[in-house]
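here are the coordinates; sequence isn't available:
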C-alpha cells in the first residue's frame, strides 16, 4: 500500500476518534443541562465541604476538562481561575492536587520565611551599626 494512503487513513481515523470524543462530550453536556440528576450539589456541615454529584456520562467529561485546565495552566500543586458572576460578583475557583499544601499553607510559609529574613537583616544592621561606632572615649575624629 502507498505510504501516503496509510498516513491519510491514520489521520482520518484519528480525526474520527477526536470527533467521536467531541460528540460524546456534547451529549454529556446536554444530558447534564436537561437532567437534574446529572449534577447534584450538597453541603456536609460536619466536614464543611461541598459535595458534588455528577452522572456517569458527565464525570469523564468534567474530569477531563479539569485535568486539561490544570495541565495547561502549568499547575504543580494548584491552579486558580478568577471569574465574575452577575449575582455574586468576583470569585476565585481553585483546584489542587490531593497531596501537597493548600495555597493558604504555602502563603503562610512564605510569610513566615519573610519574617525570618527580616529579622536576620535587622540583626545584621545592628551588628554593622556596632562595628562602625567609635570606641569608648574616642573623639568625633576617630569615627568611621
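Happy to help now that I have it. If you're wondering where the values come from, they're calculated on a predicted model, not measured in any experiment.

roughly how far does the closest residue to residue 64 other than its chain neighbours sit from residue 88?
The shortest distance from residue 64 to any non-neighbouring residue, by CB to CB, 6 or more residues apart in numbering, is to residue 25 (7.8 Å). (Glycine included, C-beta is placed from N, CA and C.) To residue 88, residue 25 is 27 Å away according to CB to CB, to the nearest Å.

ok, and what's touching stretch 84-96?
With contact meaning CB atoms under 8 Å, 6 or more residues apart in numbering, stretch 84-96 is reached by 66, 69-70, 75, 77-83, 102-103.

follow-up on the earlier one: my guess is the residue nearest to residue 64 contacts residue 63. True?
No: with contact defined as CB atoms under 8 Å, residue 25 does not count as touching residue 63 (11.6 Å).

those two - which one has more neighbours?
A direct count of neighbours by other CB atoms under 10 Å for residue 25 and residue 63 places residue 25 higher, at 17 against 11.
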